[in-house]
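Undergrad: Everything below, folded, please.
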Amino acid sequence: MTPFGLKMRELRAKKNVNQKQMASDLKISAAYLSALERGHRGIPSWQFLQRVIGYFNIIWDEAEGLQKLAATSHTRVIVDTENLSASATNLANCLAGEVAKLSDEECDELTDKIIKLTSK
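TA: Numbers count the residues shown, from 1 in each chain. Prediction:
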């Protein structure tokens with residue numbers, strides 16, 4: 001599941017609407033919506049994202065947050081380390097090989113740490 005897919009589920013639950021109804025309302029297939037929520041589809045288009053924002057009556061900061069979640073919901077990430085240091089390449093390979101072993105809490109902790117380190 002992607003962060004965007006999880007948020008979509010939360011929004012649907014809050015509005016008390018199932019996938020089939022939401023798909024019908026947005027004039028998309030239920031299969032596409034299901035795949036998007038489960039992380040079997042990549043980042044949604046800007047147009048689709050705008051339709052979702054309108055569907056849930058999301059405004060300002062929450063809309064921006066949803067757009068950021070969508071942008072970080074790649075389902076197949078490739079990290080090009082060709083011009084990076086050996087340490088950076090080692091980090092990328094370590095993460096790729098070990099991420100499946102981490103809990104959600106550990107993933108969140110590492111993500112927060114990386115964001116703090118790179119925003120200095």
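
Undergrad: Residue 15 is in contact with residue 52, isn't it?
TA: No - counting by C-beta atoms under 8 Å, residue 15 does not reach residue 52; the two are 11.3 Å apart. The C-beta positions use only the backbone N, C-alpha and C, and glycine is treated the same way.

Undergrad: out of the two, which sits in the more crowded spot?
TA: Higher neighbour count among residue 15 and residue 52: residue 52, with 22 against 12, using other C-beta atoms under 10 Å.

Undergrad: mind checking how far the more buried one is from residue 97?
TA: To residue 97, residue 52 is 34 Å away according to C-beta to C-beta, to the nearest Å.

Undergrad: May I see the domains of the protein written out as residue ranges?
TA: 3-71, 86-118 (automatic domain parsing).

Undergrad: And the first one, how far out from the chain middle?
TA: Spelled out, it's domain 3-71. Centroid displacement of domain 3-71 relative to its chain, using C-alpha atoms, centre = their mean, to the nearest Å, is 11 Å.

Undergrad: what distance separates the start and the end of that domain?
TA: Terminal residues of domain 3-71 are spaced 10 Å apart (C-alpha to C-alpha, to the nearest Å).
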